[in-house]
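Asks: Coordinates only, no sequence provided:
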């Protein structure tokens with residue numbers, strides 16, 4: 001069983017018999033079907049949507065559709081946003097028919113490793129253009145097995161006024177530092193070090209979103 005089946009609503013499919021029934025349903029009633037022949041084998045891909053933008057994909061390898069073995073079976077989630085990157089690397093999977101992608105994104109700050117959901121399309125693209133892997137952008141999505149609901153930090157009027165005064169004071173120090181005020185620079189440095197130490201201690205037992213009152217992130 002693919003462990004992320006439960007992420008798209010198939011938590012009750014936890015036996016070999018139920019998984020087999022699910023595979024047969026995808027093969028009998030696919031929303032999309034694809035095939036590719038090369039290197040002495042034929043690859044067949046069946047995709048069935050079970051909701052908006054998500055579903056199940058099954059890849060079979062063999063000489064024909066009736067005499068093929070299931071190579072991989074996994075849930076997919078279609079992304080709508082694209083990450084453009086000229087340094088996307090692709091390597092074949094060692095245990096099944098498929099590929100892993102790799103790229104570095106400065107916005108995230110860490111290397112991203114992902115599974116390519118449409119390996120046959122990648123095969124065609126790379127075969128047509130052998131000098132380039134044919135990938136200049138990817139659409140990244142993720143599935144999770146659990147999650148945490150984070151509520152906003154509760155703050156009364158006095159707390160909001162105090163927070164506003166702190167922000168105004170800090171902005172004044174930043175403006176002074178930009179003008180060359182050495183004392184303001186030192187105060188900002190000390191304040192940042194104190195904040196870093198405080199946050200570092202609290203994150204050992206708390207989630208970061210229970211500590212900060214404002215943040216920004218890409219989505």
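Replies: Okay, I see it. Bear in mind that the values here come from a model prediction, so they are computed numbers and not experimental data. Residues are numbered from 1 along each chain as shown.

Asks: For the residue lying closest to residue 11 once chain neighbours are set aside, which residues are in contact?
Replies: Setting aside the residues directly before and after it, residue 11 is nearest to residue 5 in space (C-beta to C-beta, 6 or more residues apart in numbering), at 7.4 Å. (Glycine included, C-beta is placed from N, CA and C.) Residue 5 makes contacts with 11, 13, 56, 75, as judged by C-beta atoms under 8 Å, 6 or more residues apart in numbering.

Asks: Buried ones only from these, please, as a PyMOL command.
Replies: The following PyMOL line selects those of those that are buried, judged by 16 or more other C-beta atoms under 10 Å:
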select buried, resi 13+56+75
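
Asks: so who does the closest residue to residue 116 other than its chain neighbours touch?
Replies: Spatial nearest neighbour of residue 116, chain neighbours left out: residue 99 (4.4 Å); criterion: C-beta to C-beta, 6+ apart. Residue 99 is in contact with 90, 91, 92, 93, 115, 116, 119, 122, counting by C-beta under 8 Å, 6+ apart.

Asks: got the phi/psi numbers for the residue nearest to residue 11?
Replies: The phi/psi pair for residue 5 (degrees, to the nearest 10) reads phi -60, psi -40.

Asks: Against residue 13, how distant is it?
Replies: 6 Å (C-beta to C-beta, to the nearest Å).

Asks: Likewise for residue 146?
Replies: Taken as C-beta to C-beta, the span from residue 146 to residue 13 is 18 Å.

Asks: Got the confidence number for the residue nearest to residue 116?
Replies: Residue 99 is assigned 82 on the pLDDT scale.

Asks: And the strands in the chain?
Replies: 32-38, 41-51, 54-62, 68-77, 83-84, 89-92, 99-104, 111-115, 137-138 (DSSP state E).

Asks: Same list, these, but as JSON lines with distance to residue 25 please.
Replies: Shown next, in JSON lines, are those (distance: least, C-beta to C-beta, whole Å):
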{"stretch": "strand 32-38", "distance to residue 25": "14"}
{"stretch": "strand 41-51", "distance to residue 25": "7"}
{"stretch": "strand 54-62", "distance to residue 25": "9"}
{"stretch": "strand 68-77", "distance to residue 25": "12"}
{"stretch": "strand 83-84", "distance to residue 25": "33"}
{"stretch": "strand 89-92", "distance to residue 25": "29"}
{"stretch": "strand 99-104", "distance to residue 25": "26"}
{"stretch": "strand 111-115", "distance to residue 25": "22"}
{"stretch": "strand 137-138", "distance to residue 25": "29"}
